[in-house]
Structures are given as C-alpha cells and as structure tokens.
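Participant: sequence first, predicted coordinates after that:
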Amino acid sequence: MSINKLLVANRGEIAARVVRTARAIGIRTAVLRHAAEIEAPAHLIADEVVMIEGVTPVAAYLDIPQIVAAAKKIGADAVHPGYGFLSENAGFVAALEEAGVTFVGPTSEVIDLMGDKVRARAFVEARGFPVAPSAIEDDDPTTFVERA
C-alpha cells in the first residue's frame, strides 16, 4: 500500500518529527490544529493544516469521529497517531479501518489484545515465546518475588 498523504493526529514535537520524516520519504503531510493553539513547528512545516473543534484542544485531539472525518475530508490515505491515547485506542483504529483509512501502527485487534496484559501474555506464551515470571502464575502473588 502506498501512502500519498498522511494526517498526523498529534501535536507538538512528536507531530513535527512525524511530518519531517514523512516529507523526507516523499509523503505529503497534514496536521491538526485547534483554534486555541498558537502556531507550532508542525503547523509551519506540514503541507496542510486541518482545523478541529472542541471545548479544549485536548478534547478536540481525542475526538475520534472528528479526526476520521478530517482524514476523509482532506483525502488522507493514512493517519499516524504519534504516541499517547490514540495510539493505544482500538476503537480509533477500528473507526479508521471502517472509513478505509490506513492506521500507521498495529491493527485494532492487536491493540485490543495488547491492552489486556493477561491475554497478551497467554497469546505469546502459547506461541512458544519466553515470558518473564508473573504475579498471576499459579494464582499465588505472595510468592512472586521469590519466583522472579
């Protein structure tokens, strides 16, 4: 799959780093901006700025339907979440998948699995990967330190 335009759904230095990297490999970039924000480096170096609305910038940057709509509106092929809440939100990834927009990161199923540490541990252990001792082994957390 080829990415022609990438929407960065984050702000600050992480957004600027993603924009610089994408541009270095020939991908057009767009970033989000809330009206309460002053211009930031990512706003100045991206090819496009998409205004988002919300009571606060934080609320706007976590508004999944608005971000998906922004990606569709500008014709973004993909969305990079930066790091933080959206990068760990299986619902965000599923919403992008449903809209036909590529998420730069794991699938919604993988994010959902990794959000449940007990299931994730069982998943990798069942495939033969070594795992560190756990307090949940043998349902005996009192001996965890000894076993570790």
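Facilitator: Happy to help now that I have it. Since the structure is predicted, the reported quantities are computational estimates derived from the model, not experimental observations.
Participant: helix, strand or coil for the residue sitting nearest the centre point of the chain?
Facilitator: Centroid check for the chain by Cα atoms, centre = their mean gives residue 87 as the closest residue, at 2.2 Å. With DSSP: H, G, I helix; E, B strand; the rest coil as the basis, residue 87 sits in helix.
Participant: residues contacting residue 5?
Facilitator: By Cβ atoms under 8 Å, 6 or more residues apart in numbering, the contact set of residue 5 is 27, 28, 29, 30, 47, 48, 74, 75, 76, 77, 78. In this view, the C-beta of every residue, glycine as well, is placed from N, C-alpha and C.
Participant: counting neighbours, which of those comes out on top?
Facilitator: When the contacts of residue 5 are compared by neighbour count (other Cβ atoms under 10 Å), residue 76 ends up highest, at 27 neighbours.
Participant: give me every residue that touches residue 85.
Facilitator: residue 62.
Participant: how much space is there between it and residue 13?
Facilitator: Taking Cβ to Cβ, to the nearest Å as the measure, residue 85 falls 17 Å from residue 13.
Participant: which other helices and strands contact the strand or helix carrying residue 119?
Facilitator: Using DSSP states H and E, residue 119 sits within helix 117-126. Contact analysis of helix 117-126 by 3 or more Cβ pairs under 8 Å, 6 or more residues apart in numbering; DSSP states H and E lists helix 108-114 as its packing neighbours.
Participant: on that earlier part again, mind checking how far the residue nearest to the centre of the chain is from residue 8?
Facilitator: Relative to residue 8, and taking Cβ to Cβ, residue 87 is found at 12 Å.
Participant: equivalent analysis for residue 109, please.
Facilitator: The spacing between residue 109 and residue 8, counted by Cβ to Cβ, is 24 Å.
Participant: which one of the two is surrounded by more residues?
Facilitator: Ranked by neighbour count (other Cβ under 10 Å), residue 109 and residue 8 place residue 8 first, with 26 against 12.
Participant: the more buried one: what's it in contact with?
Facilitator: 15, 18-19, 22, 29-32, 42, 46, 79-80, 82.
Participant: list of residues touching the lengthiest helix in the chain?
Facilitator: Ranked by number of residues, the top helix in the chain under DSSP state H is helix 12-24. By Cβ under 8 Å, 6+ apart, the residues outside helix 12-24 that reach it are 6, 8, 10, 28-29, 31, 40-42, 45-47, 80, 82-83.
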